[in-house]
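**Q** heads up, no residue letters with this:
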Ligand SMILES: [Zn+2]
Ligand SMILES: [Zn+2]
């Protein structure tokens, strides 16, 4: 079945409006609507000025993050489960290229890979700019707890 292009087509095909929302993409923040498909899946929808509708991932500047989130299989927690890292471990993390948030690759001197970093609330991101021994360690642990909670949610 082709994807509907208007509201009427959506209703005809059995799509049901769920709720209005704001896209959580870090650059996007657009108003979207969630609809339930005939298969019971939730999809985000954009209205265009010409009255047509399109799936939000076709226009979202953060679509890459977004799709990845949806497709990412739930991984078992293998890192940071206790969140008691030594200063040396945290320094090693900073110097290295392995993201403790997801096990992926990150840049040196970064706390996390881009994907993990942008999952963090703004305040947590800012806290990660604190200096070592001036709040960085606490911020890093908090961010790992946050990422970990999201992964198992
Ligand atoms: Zn978006
Ligand atoms: Zn990561």
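**A** That came through fine. Owing to the predicted nature of the structure, the values given are computational and were not obtained by experimental measurement. Numbers count the residues shown, from 1 in each chain. Ligands and ions are numbered 1, 2, ... in the order given.
**Q** could you point out which element follows the helix or strand harbouring residue 88?
**A** Take DSSP states H and E as the rule and residue 88 turns out to sit in helix 87-95. Following helix 87-95 in sequence order, the next helix or strand is helix 114-119 (DSSP H and E).
**Q** what packs against whichever helix or strand comes after that following helix?
**A** The helix or strand immediately downstream of helix 114-119 is helix 122-127, counting by DSSP H and E. In terms of contacts (3 or more C-beta pairs under 8 Å, 6 or more residues apart in numbering; DSSP states H and E), helix 122-127 is packed against helix 136-152. C-betas here are computed from N, CA, C, even on glycine.
**Q** so how far is the helix it packs on off the chain centroid?
**A** The chain centre lies 14 Å from the centre of helix 136-152; the measure is C-alpha atoms, centre = their mean, to the nearest Å.
**Q** report the buried residues of that helix.
**A** When neighbours are counted by 16 or more other C-beta atoms under 10 Å, the buried residues of helix 136-152 are found to be 136, 137, 139, 140, 142, 143, 144, 146, 147, 148, 151.
**Q** do you know how far the second one is from ligand 2?
**A** In this view, residue 137 and ligand 2 are 18 Å apart by C-beta to the ion, to the nearest Å.
**Q** tell me how many other residues crowd the closest residue in space to that residue that isn't next to it in sequence.
**A** The shortest distance from residue 137 to any non-neighbouring residue, by C-beta to C-beta, 6 or more residues apart in numbering, is to residue 90 (5.8 Å). Per other C-beta atoms under 10 Å, the neighbour tally for residue 90 reads 18.
**Q** correct me, but residue 90 touches residue 140?
**A** Yes - Residue 90 is within contact range of residue 140, at 5.7 Å (criterion: C-beta atoms under 8 Å).
**Q** could you check how far residue 135 is from residue 94?
**A** Counting by C-beta to C-beta, to the nearest Å, the gap between residue 135 and residue 94 amounts to 14 Å.
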